[in-house]
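Participant: got a structure for you, letters missing:
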Ligand SMILES: [Ca+2]
Ligand SMILES: [Ca+2]
Ligand SMILES: [Ca+2]
């Protein structure tokens, strides 16, 4: 590969990366009943599925390492009332519910694409991905 080809490949990679980044946030991935919104049951179902994926040692808790970038230190502290440094399924579900509520200012029980595009929506999305 000569320099010109390498540069073209790099630019193409950058373009496709920025295209993916520019894609508007959507609840699509968390809307199995396809009504265009994510309700709390859908959010919690996604959370439960994720919990199982993130907990390969199946000890029933997620530590900071397993949570990764989804939860920062302050977030973990808030979501961990028993202060054992890990989140169990109940604490994880409560955190999802708290972020869901924060991202749903119109209190209609669902998160739509407009709500998921807010700062609070991003926090919920970050947790579920
Ligand atoms: Ca739905
Ligand atoms: Ca805990
Ligand atoms: Ca709403």
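Facilitator: That came in fine, so what should we check first? On a predicted model such as this, the values are computed, not experimentally measured, just so you know. Ligands and ions are numbered 1, 2, ... in the order given.

Participant: Quick check: residues of this structure near ligand 3?
Facilitator: By the criterion of CB under 5 Å from the ion, the positions of the chain lying close to ligand 3 are 104, 106, 108. To be clear about C-beta, it is placed using only N, CA and C from the backbone, and glycine gets the same treatment.

Participant: Tell me where the chain is predicted with low confidence.
Facilitator: Within the chain, the set of residues satisfying pLDDT under 70 comprises 1-22.

Participant: Next, see if the helix or strand where residue 115 lies gets close to ligand 1.
Facilitator: When elements are assigned from DSSP states H and E, residue 115 belongs to helix 113-116. No. Applying CB under 5 Å from the ion, one finds helix 113-116 out of contact with ligand 1, separated by at least 11.7 Å.

Participant: quick one: contacts of that helix?
Facilitator: Contacts of helix 113-116 from elsewhere in the structure, counted by CB atoms under 8 Å, 6 or more residues apart in numbering, are 24-27, 36, 38, 103-106, 121-122, 124-125.

Participant: Let me have the residues of the chain next to ligand 3 in a markdown table, extended by neighbour count and secondary structure.
Facilitator: Below are the residues of the chain next to ligand 3 laid out as a markdown table (neighbours: other CB atoms under 10 Å; DSSP: H, G, I helix; E, B strand; the rest coil):
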| residue | neighbour count | secondary structure |
| --- | --- | --- |
| 104 | 24 | coil |
| 106 | 10 | coil |
| 108 | 11 | coil |
